[in-house]
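# Build the 3D model from these lines:
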Amino acid sequence: MSLNTSYPAVNPRLGTSFGIFTSAFASLVLMLIILEQLGLERDWISELIIGLPVLFYAGIGVAVRTSNVEDFFLSGQRVPALYNGFALSANLIGGAGLLGAIGAFFFLGYDATPIVLGWCAGLGLMSVLFAPYLRKTGAYTLPGFFGIRFSSRIVRLVAACILFIPGVMLLAAELRVGQMLASTFLPLRETLVLQVGLGVVIATVFFGGMRSLTWTQCAQFIVVVLGITVPLVAIALLVTNLPVPQLSFGGLLDDIGQLEVTRGLTVRGTETLSKILPGSDLTPLTRPFANLFGAVSPGDYLSLILCIMLGSAVLPSQIARLSTTPTISAVRKSFGWAALLVGFMALTIPAYAAFVKFQVLQQLLGLPLTQIPEWGRLLEQLGLISLSGNQLDPALGSARVLFHRDSVALILPVINNFPFVLIGVVGAAAIAAVLAAAAGHLVAMANVLSNDIYYPLLNRSASPARRLLVARLSMVGFGLVALWFASRGGLDPLRMVIWAFSLCAGSFFGVLALAVWWRGLTGFGALLGITTGFGATAAYILLTARGGYPWFGVDGLAAGVLGLPVSLLGAFTGSMLSPRPDQQTLDLIDEMRMPSGETIHARLLRLAARGKGPKP
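Residues are numbered from 1 along each chain as shown. As a prediction, this is how the structure comes out:
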């Protein structure tokens, strides 16, 4: 294993490789558009536009397979800042977040902005508070950092076990969204779609771990950006004559407001966050777009931002990426790139939803069944909307239109009668986002089980090959658990993601912040803070999900707002009741706060190799 005595070499051909991939994807789209005009059936188009990129991702994962421990767990610490920024963005947004956010903006308008604001703020918080210092420790995982910081196997074990719960929730949410998307385009049973989707996720990372994950996520996020942006730019040109939809959609807001009044979408008063957030079932359009706090109260608005922000800052799949860059400086730069990319998506998502809503209000809502345009019938055939009305006399009254929240993104190309290929392009982008995030959560959990439970606690003499085998088998195990969870009825992906972020915020944020910035935090304090924060957050989620009365007006989706102060109180109390850290621990903290030079993990490995200390 490399001991990080020198910076690893970076592949100089990465830009060329991903440029070729981008050109190949664009060529595939253009070729299918031509073949569609020549009469190629839609079933073939769906299978090709969805299947070929997925096969390419799996091919990348197999092609960069490795049996080296540092390559498998840290991608060899050779990931340049730009590409690490791509991977960070893919981890954070995901398919459930992307489609859920577009759908939430479509139904709630600006009251959905806490989702995208939380992403951006979470990246900024992580880059300032944690990233350089966790990178300086050189730990593979969040529990690994706690193990180094407190020299405690118990803290490491408890943190690892708690981390698995939000990890499985996030993985199950992505699988469920992937099932919905693939079922729209492929003639497969829902159960089979879930199984195939899990198989693809495992295949992309099974042989190469973090190394495979990094390069597949880069390719996948390129598809996400192209697949969402290209149709949106084309429609912005048609509607506003400007190819910058992130800016030009503001000119539509007055028109949207007038259409909303005509269609009866008026302010109906605020409701609790759990009630007003659109679910994954068919839902009518009832709320205006540009009326901030028209659906959500300021308290729920702020608490949701805090939960997503704090959860993003300690997301396990994000922390696993901090040690993949060649230098600590590169970590800082990668967060700059990630902020740029996520910020671009944060501007694109409301623009996308606004153009969909404008055209739906203008061309679909309020029409009798007999006047529904042809593309409306196509949307119904694809299962993206539901149309109903007076069955005895369809000319009487307007049709009732219901929408699937996670299918709103697929509506835009259909409304404008674009080639069917572009519907597939948006679907391919959403599936790429699903696969990227699902694989990130899976690898993070596998690394934790192998490096924080099996190796330090069960088999200290395990060979590198055995550690890799445990990580690979655990991918299958966690995948099967998430598959069972995702196959249960009633799972709402967006709510599951928000709950998982709340659990991360309530369990880990306060303890991690104190571990970096307070020298007096002890191992017992960290243990008490993690367990009490998780317990309070999880209990509040279960209480409110079963209809319990909310405490202090905090909605169950924002349970991390209550879990965080409980965690901080537990950490302070535990630290006051236990002996103060010894001088060796204080020296380690001071070294960690100087983010340059050799990592602490590498130094511990070097000393252990000389017989002067235990293995980290």
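# Only C-alpha atoms from now on, for both contacts and neighbour counts.
Fine.
# what's near enough to touch residue 294?
In this structure, residue 294 makes contact with 111, 267-270, 287-288, judged by CA atoms under 8 Å, 6 or more residues apart in numbering.
# okay, it: pLDDT?
Predicted confidence (pLDDT) for residue 294: 84.
# same deal with residue 58?
Predicted confidence (pLDDT) for residue 58: 93.
# Need the pLDDT of residue 3.
According to the per-residue confidence, residue 3 scores 38 in pLDDT.
# Likewise for residue 546?
On pLDDT, residue 546 comes in at 85.
# what's the neighbour count on it?
For residue 546, the count of nearby residues is 9 (other CA atoms under 10 Å).
# related to what we said a few turns ago, what's the most distant pair in the contacts of residue 294?
Based on CA to CA, the longest span within the contacts of residue 294 runs between 111 and 268 and measures 13.4 Å.
# Identify the contacts common to the two.
Residues touching both residue 111 and residue 268 (CA under 8 Å, 6+ apart): 294-295.
# and these two? which has more neighbours close in?
Comparing residue 111 with residue 268 by other CA under 10 Å, the one with more neighbours is residue 111, at 26 against 11.
# Next, the contact list for the more buried one, please.
In this structure, residue 111 makes contact with 105, 291-296, 301, judged by CA under 8 Å, 6+ apart.
# Is there a quick PyMOL command that grabs whichever of those are buried?
The buried residues among the contacts of residue 111 can be selected in PyMOL (16 or more other CA atoms under 10 Å) with this line:
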select buried, resi 105+292+293+294+295+296+301
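# need the contacts of residue 111 in TSV with secondary structure and distance to residue 126, can you?
As requested, these are exported to TSV (DSSP: H, G, I helix; E, B strand; the rest coil; distance: CA to CA, whole Å):
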residue	secondary structure	distance to residue 126
105	helix	26
291	coil	31
292	coil	28
293	coil	28
294	coil	31
295	coil	30
296	strand	27
301	helix	21
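# and which of the contacts of residue 111 is nearest residue 243?
The shortest separation between residue 243 and any of the contacts of residue 111 is 21.1 Å, and it belongs to residue 105 (by CA to CA).
# could you list every residue that touches that closest one?
With contacts defined as CA under 8 Å, 6+ apart, the neighbours of residue 105 are 111-113, 289, 349-350, 353-354.
# quick one: which of those residues sit in helices?
113, 349-350, 353-354 (DSSP state H).
# quick one, strands of the stretch 151-300 of the chain?
Listed in chain order, the strands of the stretch 151-300 of the chain (DSSP state E, counting those that start in this stretch) span 282-284.
# re the thing from before, buried only: go through the contacts of residue 294 for me.
Neighbour counting with 16+ other CA under 10 Å marks 111, 287-288 as buried within the contacts of residue 294.
# residue ranges with poor pLDDT in the stretch 51-200 of the chain?
Within the stretch 51-200 of the chain, no stretch falls below the threshold (pLDDT under 70).
# which residues of it fall in helices?
Taking DSSP state H, counting those that start in this stretch as the criterion, the stretch 51-200 of the chain carries its helices at 69-74, 81-108, 113-129, 131-137, 142-150, 153-185, 190-205.
# how about these in CSV, adding distance to residue 22?
Compiled in CSV, the helices of the stretch 51-200 of the chain are given as follows (distance: least, CA to CA, whole Å):
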stretch, distance to residue 22
helix 69-74, 25
helix 81-108, 14
helix 113-129, 26
helix 131-137, 30
helix 142-150, 34
helix 153-185, 22
helix 190-205, 19
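# Which one, of those helices, ends up nearest to residue 580?
Nearest of the helices of the stretch 51-200 of the chain to residue 580, taken as CA to CA: helix 142-150 at 11.4 Å.
# and the closest one, what other elements does it pack with?
Applying 3 or more CA pairs under 8 Å, 6 or more residues apart in numbering; DSSP states H and E, one finds that helix 142-150 contacts helix 131-137, helix 153-185, helix 583-592.
# Recalculate using a threshold of 6 Å.
With contacts taken as 3 or more CA pairs under 6 Å, 6 or more residues apart in numbering; DSSP states H and E, helix 142-150 sits against helix 153-185.
# buried residues in the helix it packs on?
153-160, 162-164, 166-185.
# Any idea which helix or strand in the chain has the lowest mean pLDDT?
helix 600-609 (a mean of 66; mean pLDDT, DSSP states H and E).
# In the stretch 301-450 of the chain, what residue spans correspond to strands?
With strands called from DSSP E, counting those that start in this stretch, the stretch 301-450 of the chain shows them at 385-388, 400-404.
# Can you say which of those is packed in most?
For these, average neighbour numbers computed from mean count of other CA atoms under 10 Å are highest in strand 400-404, which has a mean of 20.
# So what's the gap between stretch 155-173 and the chain middle?
If you compare the mean C-alpha spot of stretch 155-173 with that of the full chain, they lie 15 Å apart, counting by CA atoms, centre = their mean, to the nearest Å.
# whoops, stretch 16-28 was the one
Averaged C-alpha coordinates place stretch 16-28 at 24 Å from its chain's average position (CA atoms, centre = their mean).
# Stretch 168-187 too?
On the basis of CA atoms, centre = their mean, the separation between the geometric centre of stretch 168-187 and that of its chain is 13 Å.
# which regions of the stretch 301-450 of the chain lie under the pLDDT threshold?
Low-confidence segments of the stretch 301-450 of the chain (pLDDT under 70): 389-397.
# returning to what we had before: in CSV: the ones in helices among the contacts of residue 105, plus distance to residue 53 and neighbour count.
Output for these, formatted as CSV (distance: CA to CA, whole Å; neighbours: other CA atoms under 10 Å):
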residue, distance to residue 53, neighbour count
113, 31, 20
349, 23, 25
350, 27, 26
353, 25, 25
354, 29, 24
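# closest to residue 406 among those?
Residue 406 has its nearest neighbour among the ones in helices among the contacts of residue 105 in residue 353, at 11.7 Å by CA to CA.
# and the gap between the closest one and residue 377?
The span separating residue 353 from residue 377 equals 21 Å under the rule CA to CA, to the nearest Å.
# now swap in residue 201 and tell me
Taking CA to CA as the criterion, residue 201 is separated from residue 377 by 34 Å.
# Looking at these two, which is more packed in?
For residue 201 and residue 377, the more surrounded residue by other CA under 10 Å is residue 201, and the numbers stand at 27 against 15.
# Out of the contacts of residue 105, which comes closest to residue 463?
The shortest separation between residue 463 and any of the contacts of residue 105 is 46.6 Å, and it belongs to residue 349 (by CA to CA).
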